[in-house]
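Novice: Based on what follows, work out the 3D shape:
(chains A and B)
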Amino acid sequence: MTTLSSPTKESGVAVPRGPRPGEPNGRRRLLRAIKPGPTADAGGAALYRRWWLPWLWMAPAIIGVTVFGVYPFLNTLLLSFTDAKPLGGAASFVGLDNYTRLLGDSDFWLATRNSVLYALIVVPLMVLLPLVLAVLVEKNLPGIGFFRSAFYTPVLASSVVVGLSWQWLLSDQGLVNTWLQKAHIIREAIPFLSDSWLILFSAMGLTLWKGLGWYMIFYLAALGNVPKELHEAAAVDGAGAIRRFWHVTMPGVRTSMLLVGTLTGIGSLRVFTEIYMLGGATGGPGGADRTLPFYIRDVALDPLTGNAGYGSAVSVALFVLTLGLTLLAQRLTKEDEA
Amino acid sequence: MCVRRLSGSLACLVVLSLTAAGCGLSGGGSDDGSATAGGCEVDKGNVGSGELTGEVKGSITFQTTNLKKDFSGYFDGVIEAFEKAHPDTNVKWVDDPGDATFTQRLVADAQGCTLPDVVNINVNTAIALTKSGYLLNLDEKAPDSGKPFTPAMWKSSTYAEADGTEVHSVLPWYSGGIVQTFNTELMKKAGLDPAKPPTTVLGLFEDAQKIAEASDGEYYAFLANPQHRIPADWQQMNIQILSADGKKFTFADDPKTVQWVEAMTKLYKAGGMPRDSLSSTQDPANVYGQGKLVYGPTNPNFLRFIQQNNPSVYKETGVARFMLDDLGHTVGAPQYIGVASTSKNATTALSFAQFLTNAENQLEWAKDPNVVIFPSTTESLNDPFFQSVEGSDPFAEARKIVASDRKTATADEIALTPGGLNAISAQIQLAMQGKKSAQDALDEAQKKANELIEQGS
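Specialist: Next comes the predicted model:
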């Protein structure tokens, strides 16, 4: 049991006090308080119990989250009930007008459809494919390091560079069409960059390609925690590679799969660069490939014609959608576990 | 836990979006009669009627857009000369990268009452800042400001204040000019005479149709994305793009616009443009440099790019005056220099702005071999540097053509906002794919563009 080093006579409880002559100043006391090892004696333990010390440790994070997360979120919520403009000027309270407008805005619904479709297609693939890759590269085979690096390289490339590379790959005279034509698989070039559906699917492919390596690393770490004995036992019982993957590996990395699914879901709903790089500034011909973040840019950010109030309402809708899909995923997972 | 993380992530997205937009709930002027501009407290002399008075002294900030990397020597020299002529002054030069969010950032600076005293802006930013009262009204504060500039350029360089009054709030600076550039060898292959380039926009489409028929997909006339041609083509055709008060788009009501969309559609279907360039971000300069386009970008500076990167294509490049068509002259807003109405040293700032844009300093910069720019001052354009151009290489030809063109060129460029341009282009793309008729696409484009104007007003 530790004893308090210098209790006040009145209460017996340690309270902060200023340094006395000959005593270390406040900074030194603080350093002593945080310094581990032999100096963390009974006095040090008392200092650890200062009520403000935990808050001090958390202050940078709290300030960061408040300034860059909470305040802007609340401000966005507030703006969504106004007709605020990017150029400022007096903003008026418009009640639910922005939200009513959302309901009848066909461009908003098109962007919502694209975002949801993006998430529905990309999330399952992004949860499974990196796991398969991780299982493949987990084994210590000669030259496996090359494949690990190759799979991870797209993660390091900037989205713009990746986008440009995919433009070259998918253009009418690009590598993919040229190869398919030379192999006599197709006669006419596939309009990857001029058909709105193909632009959307190509953008999904780009997202997947760029994210595979990143989530593969997640799974590689998780696979290390799957006991080898389980695999051996399953093998002894006659389970093949696929059954072992399904019944041993996947349950073993379940938590990581949930994490990857959540992160990918959020990321899919925030897609902008891929659509911009493959579909251009209009978001595909006729703007048919615009996602919600793309639409927010279009309605809110133009300094002259933007409507920050309406843009904020779209942002709130995006937030609700993301939250809803995440909660749904968690619910389904819990039901599955039960 | 995940939910909390999620809220944080999304909040950050929202923040980034809206902070970049510079949105806020800032108010207008005060009611107590004190001097305000754009919601900021300012010196009384900076607003209202009457010329700016006061001594040229004190410190000012001068902001350029992405010029420090290549031209620091020139600007250091100008600043030094100004400080020497006015010993009690100090000019602090800052350079903004001038990326896609430049206007938003500058507007955010203005809203925070921290706009640089002298600032280099483009036409869209000039419109935005003038509308909110962040720039000095030169008609009131310095009525003689326009004298050095070509009359056409000065007369057309006005922007609307909040009440709709058109004022001079900026000094015209340099511009890049506009010319036709084309690959003469490809023109010949398509049966066209490089010595007879088109003089009208629809004439260009007629030639392009011949290219489509002759090329069989080996090369193209130009890229398909309408964003490369709007509003320049429409302005040369003298299409009434906006109503007289600038509050409504009217382009869809002009039969010439329908003709233009139909010509684009016909050419796209005939293969005169790369199919995958309909909405893409491809740079026409790169595709032209690969020898795949007959018509290149219209910015003379592009010729320098081709000269350096594709000498063989450069040798085959011809230049000609831009299609003047029904308009009879070219349009194109230059880069501008504005003086902040929030400046604490407005007299000094204005003096520096005038010094920077005077004929002597503009000419000196135009002579820099590393740049292809054209001054806005009459005296500079009359200089032998532009008048007695020798040689017939494309670059020299372009300089001669543009210098003569700048004397009649106006700044009446219809400055479509990025949002407006996207809304219009998107509908034309649908027409080009055959999903809408030209008239339906234009009607929808006009409706959406008008909604944007209304939304921003």
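
Novice: how about the strands of the stretch 301-450 of chain B, start to end?
Specialist: Under the criterion DSSP state E, counting those that start in this stretch, the stretch 301-450 of chain B contains strands at B:317-321, B:336-339.

Novice: burial measure for residue 124, as a count.
Specialist: No chain was given, so I picked chain A. Look at residue A:124: counted by other CB atoms under 10 Å in any protein chain shown, it has 12 neighbours. Heads up, the C-betas are built off the backbone N, CA and C, glycines and all.

Novice: wait, I meant chain B there
Specialist: As a burial measure, residue B:124 scores 18 neighbours (other CB under 10 Å).

Novice: same check, this time on the one 10 residues further on
Specialist: Close neighbours of residue B:134, defined as other CB under 10 Å, add up to 28.

Novice: in the stretch 101-250 of chain A, what residue is nearest chain B?
Specialist: Closest residue of the stretch 101-250 of chain A to chain B, CB to the nearest CB: residue A:193 (4.0 Å).

Novice: Next one: the closest residue in space to that residue that isn't next to it in sequence from residue B:292, what distance?
Specialist: Of all residues not flanking residue A:193 in the chain, residue B:276 sits nearest, at 4.0 Å (CB to CB, 6 or more residues apart in numbering or on different chains). Plainly put, residue B:276 is 12 Å away from residue B:292 if you go by CB to CB, to the nearest Å.

Novice: more crowded one of those two?
Specialist: residue B:276 (25 against 18).

Novice: Am I right that the more buried one is in a helix?
Specialist: Yes: according to DSSP: H, G, I helix; E, B strand; the rest coil, the state of residue B:276 is that of a helix.

Novice: and it, what does it touch?
Specialist: Shown in contact with residue B:276 (CB atoms under 8 Å, 6 or more residues apart in numbering or on different chains): A:170, A:171, A:172, A:191, A:192, A:193, A:194.

Novice: Also residue B:265?
Specialist: Residues in contact with residue B:265 (CB under 8 Å, 6+ apart) are B:431, B:432, B:434, B:438.

Novice: where does it land in three-state SS?
Specialist: Quick answer, by three-state DSSP: residue B:265 is helix.

Novice: Give me the distance between it and residue B:425.
Specialist: Separation of residue B:265 from residue B:425 (CB to CB) stands at 14 Å.

Novice: and if you look at residue B:378?
Specialist: Look at residue B:378 and residue B:425: by CB to CB, they are 36 Å apart.

Novice: who does the closest residue to residue B:129 other than its chain neighbours bridge with?
Specialist: Excluding the flanking residues, the one nearest residue B:129 by CB to CB, 6+ apart is residue B:135, at 5.0 Å. Counting by DSSP bridges, residue B:135 forms beta bridges with residue B:340.

Novice: wait, residue B:135 sits on residue B:341?
Specialist: Yes: counting by CB atoms under 8 Å, residue B:341 is a contact partner of residue B:135 at 5.9 Å.

Novice: ok, and what's touching stretch B:94-107?
Specialist: A:86-88, A:301, A:303, B:20-22, B:61-69, B:115-116, B:119, B:121-122, B:124-125, B:128-129, B:132.

Novice: starting at the chain centroid, how far to it?
Specialist: The chain centroid and the centroid of stretch B:94-107 are separated by 15 Å under CA atoms, centre = their mean, to the nearest Å.

Novice: buried sites along that stretch?
Specialist: For stretch B:94-107, a neighbour-count test (16 or more other CB atoms under 10 Å in any protein chain shown) marks B:95, B:96, B:98, B:101, B:102, B:103, B:104, B:105, B:106, B:107 as buried.

Novice: Could you point out which residue ranges in the stretch 251-400 of chain B have low pLDDT?
Specialist: Low-confidence regions of the stretch 251-400 of chain B, defined by pLDDT under 70, span residues B:391.

Novice: Please enumerate the helices of it.
Specialist: Along the stretch 251-400 of chain B, the stretches classed as helices by DSSP state H, counting those that start in this stretch are B:255-269, B:284-289, B:301-309, B:311-315, B:346-356, B:359-366, B:378-381, B:384-387, B:394-406.

Novice: So which of those helices is the most surrounded?
Specialist: helix B:346-356 (a mean of 24; mean count of other CB atoms under 10 Å in any protein chain shown).

Novice: Tell me where the stretch 51-200 of chain A has helices.
Specialist: Here the stretch 51-200 of chain A has its helices, by DSSP H, counting those that start in this stretch, at A:53-65, A:71-79, A:97-103, A:106-138, A:144-156, A:159-170, A:175-182, A:196-223.

Novice: So for residue A:243, which of those helices sits nearest?
Specialist: Of all the helices of the stretch 51-200 of chain A, helix A:106-138 sits nearest to residue A:243, with 13.3 Å by CB to CB.

Novice: tell me the angle of that closest one relative to helix A:144-156?
Specialist: Counting by axes from the mean of the first three to the mean of the last three CA atoms, to 10 degrees, helix A:106-138 lies at 160 degrees to helix A:144-156.

Novice: chain center to helix A:106-138: distance?
Specialist: Mean-position distance between helix A:106-138 and its chain equals 13 Å (CA atoms, centre = their mean).

Novice: Show me which parts of that helix are buried, residue by residue.
Specialist: Neighbour counts over helix A:106-138 (16+ other CB under 10 Å) mark A:107-108, A:110-112, A:114-119, A:121-123, A:125-127, A:129-131, A:133-135, A:137-138 as buried.
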